[in-house]
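S.K.: fold the following, please.
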Amino acid sequence: VTGHNKPVAHVYGDGAIDKETVFGAASLSKPVFSYLVLKLVEAGTLSLQMKGLNYILSFQFFCKQQGFKWKSDEEIQDEDIRRINAFTPQMILAHQTGFDLSRSNKVNHQYEPGDNYYRYSGFLLFYLKKVIKKLHEPQLALMSDVDSFAQNTLYVSFNPPNLEYTIVDLNGVRVSDTLD
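M.R.: Residues are numbered from 1 along each chain as shown. Okay, here's the model as predicted:
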C-alpha cells in the first residue's frame, strides 16, 4: 500500500482503498500441508527424521523442473550432495535446511542443514510435497471416498498439483475447496 494523498493498493489493480477493500491475509496451504505431513507421520507412512529425500526425488532434477537455478552437473560437489541428503521432513517444516530461494529463483545455501537457524524456504515445502507424491504414487488420499463425514473434522486429499480439503463443522455442514 503506497501513495502520497490517498492510499492505493497496487497489487489489487491500483484501486483506491476504502473500508470495503479486501486484502489477502494468509497463505493457508502451508499449515494445511504441514497437517497432512503430520497425519502421515501419525499413520506411520512417513518419518520426520527420514533422510535421503534426494534418492526419492533428485533435488537437482526438482530445481530444473521448477525453473529454479541451482548448480550444473559440473558445479555440484560431494559437500552439496551431503547437505541435500541431510534434509529431513522435520528440517523442511521448520525451515532449517540452510537453503532458500532468491527473488531471481536462485537456490542459495546459507548454513548447514539442521543448524539452529531459521531461514524461510517455501520452495522446499514444495520439494517435500513432490517427494511425498513420489513416495505415494499414484495418489495420496486421506479424504474418505464415501459421503459420510464426521463433524468437526478436516479431511485432506493430496491430488497433485492441488491440495483438496473438506471441513465439516460442528453442525455437520461441509465446505470444500482446492488449494493451488
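S.K.: who's in contact with residue 87?
M.R.: 51, 53-54, 59, 97, 113, 124 (CB atoms under 8 Å, 6 or more residues apart in numbering). Where you see a C-beta, it was placed from the backbone N, CA and C, and this is true even at glycine.
S.K.: only the buried residues of the helix or strand containing residue 60, if you could.
M.R.: Here residue 60, judged by DSSP states H and E, is contained in helix 59-66. Neighbour-count burial for helix 59-66 flags 59-60, 62-63 (criterion: 16 or more other CB atoms under 10 Å).
S.K.: contact partners of it?
M.R.: 53, 68-71, 73, 76, 84, 87, 107, 123, 126-127, 130.
S.K.: looking at these, spot the one nearest residue 33.
M.R.: When the contacts of helix 59-66 are compared for distance to residue 33 (CB to CB), residue 126 comes out closest, at 9.1 Å.
S.K.: helices and strands of the protein: which one bottoms out on pLDDT?
M.R.: Across the helices and strands of the chain, mean pLDDT, DSSP states H and E gives its lowest value to strand 140-141, namely a mean of 35.
S.K.: tell me the SS of residue 108?
M.R.: With DSSP: H, G, I helix; E, B strand; the rest coil as the basis, residue 108 sits in strand.
S.K.: flag the shaky bits of the protein, pLDDT-wise.
M.R.: Applying pLDDT under 70 to the chain picks out residues 1-17, 22-26, 136-175, 179-180.
S.K.: show me where it has its strands.
M.R.: Assigned strands in the chain, in chain order: 8-9, 15-16, 99-101, 107-109, 140-141, 153-159, 162-168, 174-179 (criterion: DSSP state E).
S.K.: so which bits of the fourth one are buried?
M.R.: Think strand 107-109. Within strand 107-109, judged by 16+ other CB under 10 Å, the buried ones are 107, 109.
S.K.: do the same with the third one
M.R.: Buried residues in strand 99-101, counted by 16+ other CB under 10 Å: 99-101.
S.K.: that one pairs with which strands?
M.R.: Strand pairing for strand 99-101, using DSSP bridges, gives strand 107-109 (antiparallel).
S.K.: got a list of contacts for the partner strand?
M.R.: The set of residues external to strand 107-109 that reach it, using CB under 8 Å, 6+ apart, is 63, 68-70, 80, 83, 98-102, 123.
S.K.: switch the cut-off to 10 Å
M.R.: Residues outside strand 107-109 that contact it (CB atoms under 10 Å, 6 or more residues apart in numbering) are 59-60, 62-63, 68-71, 79-80, 83-84, 97-102, 119, 121, 123-124.
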